[in-house]
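J.: take this sequence and fold it.
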Amino acid sequence: MKKFLRTLALGAALATTCYAHWTYDRIIVNGEVIGEPWQYVRRHSNGNNFLSDVTSNDMRCNINGDISGANTSTYPVHAGDQLGFTIKDTFGHPGPQQVYISKAPADVKDYDGSGDWAKIYTLSNCETKGCGTGDGTVKWATYRAQTFNFKLPAEIPAGEYLLRAEGLAIHAAQKVEGAQLYVACAQIRVTGNGTGLPGPTIKVPGDYTANSTGILIPKIWSQITNYTSPGPRLWPAGTEEVHMLDGKVKE
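T.: I've put the predicted structure just below:
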């Protein structure tokens with residue numbers, strides 16, 4: 001009987017862990033979920049598991065995501081469209097959600113993501129008015145989400161791009177390499193008249209370190225009273241982090 005109970009408890013713990021993890025498998029364009037899972041998002045071999053070594057090339061498009069472009073379709077979008085990702089499972093941990101773009105030098109199917117990346121979106125913590133408890137600790141806009149949406153900048157030049165989703169779970173980030181990163185890349189072909197120069201840009205890997213602000217936090221997540229997301233400033237200039245207000249994501 002004791003063995004059965006231990007087995008049952010272990011199964012429940014594994015189910016909880018699996019439920020808390022996630023990956024990205026489809027894109028959303030102007031409110032419509034597009035295609036089949038992995039049709040426009042590069043399939044990786046990491047399941048819904050996280051990455052913790054921010055110096056690894058896997059941080060670009062996840063494990064084997066750099067070589068799966070040839071088997072991934074590229075979806076046409078227009079500069080200024082509303083885009084998004086669907087999540088397989090759910091954002092089951094506290095932390096921000098960010099989106100980066102990198103222009104391919106030619107066919108995005110052949111691009112490994114070694115070029116420049118600009119950050120275009122951050123969905124982060126709740127603003128004070130909508131946090132509910134009034135205790136000063138950070139609440140998270142992404143918790144238990146199953147989709148998220150953002151605007152592709154109207155300024156983005158035409159071309160083929162990797163669109164990289166990055167979810168950062170910080171529930172163990174008070175220790176070095178305790179932060180959990182979940183990443184995947186979609187392939188898009190942008191049309192329009194944008195003439196902006198995305199930036200500031202970073203390399204992936206290259207910008208994040210194990211001790212970066214937002215990657216390593218000073219104390220357990222439930223006790224922190226403010227949070228700064230990792231990475232460069234958002235592009236275009238003047239773009240602000242998205243927060244929650246009164247229990248809803250601000251659009």
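J.: just the helices in the stretch 51-200 of the chain please.
T.: Using DSSP state H, counting those that start in this stretch, no helices are found in the stretch 51-200 of the chain.
J.: give me the low-pLDDT residue ranges for it?
T.: For the stretch 51-200 of the chain, applying pLDDT under 70 flags the ranges 126-137, 141-143.
J.: three-state assignment of residue 45?
T.: Put simply, residue 45 is coil when judged by DSSP: H, G, I helix; E, B strand; the rest coil.
J.: so how far is residue 61 from it?
T.: Going from residue 45 to residue 61 by Cβ to Cβ, to the nearest Å gives 11 Å. Backbone N, C-alpha and C define where each C-beta goes, glycine included.
J.: if you count what's nearby, which of those two comes out ahead?
T.: Using other Cβ atoms under 10 Å, the more surrounded residue of residue 45 and residue 61 is residue 61, with 30 against 12.
J.: contact partners for the more buried one?
T.: Residue 61 makes contact with 42, 44, 68, 113, 162, 164, 183-185 under the criterion Cβ atoms under 8 Å, 6 or more residues apart in numbering.
J.: who's the closest residue to it other than its chain neighbours bridged to?
T.: With Cβ to Cβ, 6 or more residues apart in numbering as the criterion, residue 61 has its nearest non-adjacent residue at 3.8 Å, and that residue is residue 185. Bridge pairing for residue 185 (DSSP bridges) gives the partners residue 164.
J.: how many other residues sit next to residue 185?
T.: When neighbours are counted by other Cβ under 10 Å, residue 185 registers 30.
J.: I'd say it and residue 64 touch.
T.: No - with contact defined as Cβ atoms under 8 Å, residue 185 does not reach residue 64; the gap is 11.5 Å.
J.: any idea how many residues pack against residue 27?
T.: Using other Cβ under 10 Å, residue 27 has 23 other residues around it.
J.: what's the helix or strand for it?
T.: For residue 27, the element it lies in under DSSP states H and E is strand 22-29.
J.: what does the helix or strand just after that strand rub up against?
T.: As assigned by DSSP H and E, the chain's next helix or strand after strand 22-29 is strand 32-34. Strand 32-34 has contacts (Cβ under 8 Å, 6+ apart) with 26-28, 40, 75, 86.
J.: starting from strand 32-34, tell me which strands it pairs with and how they run.
T.: Partners of strand 32-34 in its sheet, by DSSP bridges: strand 22-29 (antiparallel).
J.: what mean pLDDT does the partner strand have?
T.: For strand 22-29, mean pLDDT is 95.
J.: next, the buried residues of stretch 207-215.
T.: For stretch 207-215, burial by neighbour count (16 or more other Cβ atoms under 10 Å) applies to 207-208, 214-215.
J.: distance to residue 99 and secondary structure for those - can I get that in a markdown table?
T.: Shown next, in a markdown table, are these (distance: Cβ to Cβ, whole Å; DSSP: H, G, I helix; E, B strand; the rest coil):
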| residue | distance to residue 99 | secondary structure |
| --- | --- | --- |
| 207 | 15 | coil |
| 208 | 15 | coil |
| 214 | 15 | coil |
| 215 | 17 | coil |
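J.: what's the farthest-apart pair in those residues?
T.: By the measure Cβ to Cβ, 207 and 214 form the most distant pair in the buried residues of stretch 207-215, at 11.1 Å.
J.: endpoint to endpoint, stretch 111-118 covers what distance?
T.: Stretch 111-118 has an end-to-end distance of 16 Å (criterion: Cα to Cα, to the nearest Å).
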